[in-house]
Structure formats: C-alpha cells, structure tokens
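> Here is my input; please provide its structure:
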Amino acid sequence: MRQSSPDTDPEALAAPDALCDAALAVSQTDRGASKSHNAVAVRVDTYDRETGLVTYADAAGTLFTKPAAEWIAFMATRLHHIARAECTRQFNAACNDLDEAACADLEARVTRELRIDALQALAHRSDQVFAEAQAERYGRDPAALSAEKVDLTALDVLQLTHLHEAYQAARHLWEGVGARPYSIAWRDPRGWLHLTKAGKIADFEEQRAGLIVDRIVGEMASRTPRNVKERDRSLVLRLRHELDCEDRIRSDALMREITQAWEA
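Okay, here's the model as predicted:
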C-alpha cells in the first residue's frame, strides 16, 4: 500500500522553502528529503508594478522576465512537486496498519490538507483559476449579467433578425471606440492595453453586445420555424454567425439543417 515517490527531474527537484516579498529560496529534493547543503536559490530579482513583469531565476540559474501570472504558475509547479513528496511521506508513515478503505481516506485527507489539487490547477490552468476566483469574489461578469436581462422570448424570427443586426452594428461601433487613442491609457511591454474610463465603457458595451448576439443566435436555433421564410431567415443568420466565429461550418447539426432545407 505504500506510495511511490514522484518523479524527480532537475526542475522538479527545486522546491520553495520560503517566500518573503521579493525573495524565494528553493532547495533541491531527492525522494521528498530536503538537502539544504545542495540548495539552489531561486530569487525574484525584480517585480515591475507598472508592467507586471517579474524577473527571476530557475533552479539552474537561468534568468527569465515574464508576466507575474506565469511566474506564479512556475512556482506552483515546484510547490506541487514538494506537496506530492510530502503526501507520499505522510502516507507511508501512517498506512502500514490500515486496511484499503482507511488508506484511501488517509490519502484523500493528506491530499486535501496539502492543497495538491489546488496547486495542480494553479500550475497548469492559472488563468482559469484566477477567473473563477474573481467570479467567486466579485460575482459574475457584469457584461454577461446585463446581456442575460434582455428578454428575447416575445420576439418573432423577423424581430430577432433585426435585433441581431442592430447589436452586431453596436458591437462593431464599440469595438471602434475602444481602439481610439482616448480609450487607451498606455500599452505595456507585453503589448497589453490598459484602458481609460472611456475605454472600459467601450469594452463593457462591446462585450455586452457580443453576448446578446450569441443569445439571439441561440434563441433562433431553439425556435421551430412556422414557414419556409422563417426557416430561411433562421438558417441564414445562424450560418453567418458560424462563419464569422469559426470561418467555417463546424456545427454538424447546422450543416444537417442546411442540407435538409436547401438540399445542398
């Protein structure tokens, strides 16, 4: 019932001992045991608050300058390796007299206490983790919430078509406003744009219009056409949307509908 230790490549061997503001010392490990006399320091040399770039060195001493999010993922990978090694150590120390069910409970408890799943997620899908955390803290995206409040149920196919055209035009309009110089406060070295208040309004309205367009297309797809004209309007709108988004028809269901309706 004993667990095997995690693989230990040179990158995996680097493990954080302490993280204090701008310095992080990482020692090498072998099968979960720390060898402080062989420690290789990984230090955060600089953090630029204006650009968000962090300059740091890996276990081999190679310097990198990358966005803070990438640095966090870099360090989470090392923390994950150490957490796995510690999980193995704790499990092996306590599992000898336990039956299979108790061993499973022990492993689940240690995994939870060491936050191994969280470190795995932070290391490999940090963008999604951050987005979910923001949504948990501040609620859902305001543009999405606003778009969901638009009631489409009372509109017929022709009205939905006209509304789709209107919101498409609005989306392109706000996209243009967002590209104006007065919407951009500054551009950082990574090429990311930081918006002014006007730019944030334009970004919100563009997102909102785009989400409403998506909802209209979904509403159209859920309707049963009452006649050939409604069927054709629905298919044309959905086909244009598919080509705009995908550059090709990726939906098998839409392709079947087109084939059946127009004998393509």
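> other SSEs contacting the host helix or strand of R89?
Per DSSP states H and E, R89 falls inside helix 68-94. Here helix 68-94 touches strand 14-20, strand 23-30, strand 53-57, strand 63-67, helix 100-113, helix 116-124, helix 126-138, going by 3 or more C-beta pairs under 8 Å, 6 or more residues apart in numbering; DSSP states H and E. Just so you know, the C-beta spots here come from the backbone N, C-alpha and C atoms, and that holds for glycine as well.
> Now the weakest link among the ones you listed, please, by mean pLDDT.
Among the helices and strands packed on helix 68-94, strand 14-20 carries the lowest mean pLDDT, at a mean of 33.
> for the chain, which spans come out with low pLDDT?
Counting by pLDDT under 70, the ranges of the chain that qualify are 1-45, 127-128, 131, 134-140, 190, 264.
> thinking again about what came up before, which parts of the helix holding R89 are buried?
By neighbour count on 16 or more other C-beta atoms under 10 Å, the buried set for helix 68-94 is 71-91.
> can you check stretch 228-244 too?
Neighbour-count burial for stretch 228-244 [16+ other C-beta under 10 Å]: 230-231, 233-235, 237-239, 241-242.
> Can you tell me which of those is nearest L158?
Nearest to L158, judged by C-beta to C-beta, of the buried residues of stretch 228-244 is R233 at 6.7 Å.
> Next one: the closest residue to T65 other than its chain neighbours relative to Q168, how far apart?
Residue nearest to T65 in three dimensions, not counting chain neighbours: T55, with 4.6 Å by C-beta to C-beta, 6 or more residues apart in numbering. Between T55 and Q168 the distance is 44 Å, computed by C-beta to C-beta, to the nearest Å.
> Of the two, give the one with the bigger neighbour count.
Q168 (18 against 15; other C-beta atoms under 10 Å).
> Skip ahead from the host helix or strand of that one and say which helix or strand is next.
Per DSSP H and E, Q168 falls inside helix 157-178. Note on helix 157-178: by DSSP H and E, the next helix or strand toward the C-terminus is strand 184-187.
> Please save the CA atoms from the helix or strand containing V236 in CSV.
Taking DSSP H and E as the definition, V236 sits inside helix 228-246. Output in CSV follows, covering the C-alpha atoms of helix 228-246 (Å, rounded to 0.1, in the frame of the first residue of the first chain):
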residue,chain,number,x,y,z
VAL,A,228,-40.2,28.5,-45.2
LYS,A,229,-39.4,32.2,-44.9
GLU,A,230,-38.8,31.9,-41.2
ARG,A,231,-36.7,28.8,-41.7
ASP,A,232,-34.5,30.6,-44.3
ARG,A,233,-34.1,33.7,-42.1
SER,A,234,-33.0,31.5,-39.2
LEU,A,235,-30.6,29.4,-41.2
VAL,A,236,-29.0,32.5,-42.9
LEU,A,237,-28.5,34.3,-39.6
ARG,A,238,-27.0,31.2,-37.9
LEU,A,239,-24.8,30.4,-40.9
ARG,A,240,-23.4,34.0,-41.0
HIS,A,241,-22.7,33.8,-37.2
GLU,A,242,-21.0,30.4,-37.6
LEU,A,243,-18.8,31.7,-40.4
ASP,A,244,-18.0,34.9,-38.5
CYS,A,245,-16.9,33.0,-35.4
GLU,A,246,-15.3,29.9,-36.9
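> what sits up against that helix?
The contact list for helix 228-246 (C-beta atoms under 8 Å, 6 or more residues apart in numbering) reads 156-158, 160-161, 164, 213, 216-217, 220-221, 223, 225, 248-251, 254, 257-258, 261-262.
> what does stretch 212-224 give?
For stretch 212-224, using C-beta under 8 Å, 6+ apart, the contacting residues are 147-148, 150, 152-153, 155, 157, 160-161, 163-164, 167-168, 171, 230, 234, 237-238, 241.
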